[in-house]
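Enquirer: with the input below, show me the fold.
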Amino acid sequence: MPVLVVSGTGTEIGKTVVTSAIAAAAVAAGRSVAVLKPAQTGVGPGEPGDAAEAARLAGPAVTAVELARYPEPLAPGTAARRSGLATVAPATVAEAAARLAAAHDLVLVEGAGGLLVRFDEDGHTLADAARLLAAPVLVVAPAGLGTLNSTALTAEALRARGVSPFGVVIGSWPAAPDLAARCNLADLPEVSGMPLLGAVPAGSGALAPAAFRTTAPSWLAPRLHGTWSAESFLTAWPA
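Expert: Alright, predicted model coming up:
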């Protein structure tokens, strides 16, 4: 798995923190890691973007690369058009990821928003880049009501495009989960056909980097270089 694409079922669901946690866990396991952000939106010149945040949390050993930046917090294609800046083509993303993969054990490609958010004027999406890379896609999903539908739709869209779904991670697990969140632990794998590979506690991005790096492996399954167990987690949070 030299390249893993990280997408989400929507915006503001913890995608960057999950990416950071995977990077931290992989570094702790002795892997060299790069985080690639094809299109950063809503961030001004000189401000740290998502790739830089992943490197801050996961550690200075992580290589952070950003291909394009647009100031308005919009879909990349829309933000590029409004700013008059060039868009990012799937081939450009694939080429950048392949170059990083030649020098790293793991490259994490973090998307913008959901899977089918447009990256350019031709309607290309993160799924097109994943297909060019022949890379699997990890889906980050919220914990609560509504996540079953959006996660199942994302998995269906991946398969329809010939892209392999790698699994699903809950991006922000609440300290006091409601009934819907607890039921979703068992239902997410069933409705999406993807294994549940982790649950990152809400607020984890606010931890000090040293604490984040130490704790991150406990949030993720062994397939993501962690120690988290779906079976144990379901037992701890029964529906």
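
Enquirer: what about the residue of the chain most remote from its centre, distance to residue 66?
Expert: The centre of the chain is farthest from one residue, residue 84, which by Cα atoms, centre = their mean lies 27.3 Å away. Between residue 84 and residue 66 the computed distance is 19 Å (Cβ to Cβ, to the nearest Å). No exception for glycine: its C-beta is placed from N, CA and C like everyone else's.

Enquirer: list the contacts for residue 15?
Expert: 6-8, 50, 110-111, 140, 171 (Cβ atoms under 8 Å, 6 or more residues apart in numbering).

Enquirer: can you pick the most crowded of those residues?
Expert: With neighbours taken as other Cβ atoms under 10 Å, the top of the contacts of residue 15 is residue 110, carrying 31 neighbours.

Enquirer: so what pLDDT did that residue get?
Expert: With respect to pLDDT, residue 110 scores 97.

Enquirer: what of residue 1?
Expert: The predicted structure lists residue 1 with a pLDDT of 65.

Enquirer: now stretch 98-111, how far from the centre of its chain.
Expert: Put simply, stretch 98-111 sits 14 Å off its chain's centre (Cα atoms, centre = their mean, to the nearest Å).

Enquirer: report the buried residues of that stretch.
Expert: Neighbour-count burial for stretch 98-111, counted by 16 or more other Cβ atoms under 10 Å, picks out 100-101, 104, 106-111.

Enquirer: which residue ranges of this structure form strands?
Expert: 3-8, 33-41, 63-70, 106-114, 137-141, 165-173, 196-201 (DSSP state E).

Enquirer: so which of these comes closest to residue 207?
Expert: When these are compared by Cβ to Cβ, strand 196-201 sits nearest residue 207, at 9.3 Å.

Enquirer: counting by contacts, list what that closest one packs against.
Expert: helix 15-28, strand 165-173, helix 179-192, helix 230-236 (3 or more Cβ pairs under 8 Å, 6 or more residues apart in numbering; DSSP states H and E).

Enquirer: who are the packing partners of the last one?
Expert: Where contact means 3+ Cβ pairs under 8 Å, 6+ apart, helix 230-236 is packed against helix 179-192, strand 196-201.

Enquirer: how about these in JSON lines, adding mean neighbour count?
Expert: Converted to JSON lines, the helices and strands packed on helix 230-236 look like this (neighbours: other Cβ atoms under 10 Å):
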{"stretch": "helix 179-192", "mean neighbour count": "18"}
{"stretch": "strand 196-201", "mean neighbour count": "24"}
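
Enquirer: out of the ones you listed, flag the one nearest residue 56.
Expert: strand 196-201 (16.1 Å).

Enquirer: contacting residues around that closest one?
Expert: 14, 17-18, 21, 138, 143, 166-173, 175, 185, 188-189, 219-221, 223-224, 226, 228, 230, 233.

Enquirer: go on, stretch 226-239?
Expert: Applying Cβ under 8 Å, 6+ apart, the set of residues contacting stretch 226-239 is 21, 25, 177, 179, 181-183, 185-186, 189, 195-199, 216-221.

Enquirer: how long is it end to end?
Expert: Stretch 226-239 has an end-to-end distance of 25 Å (Cα to Cα, to the nearest Å).

Enquirer: swap in stretch 123-137?
Expert: 19 Å.
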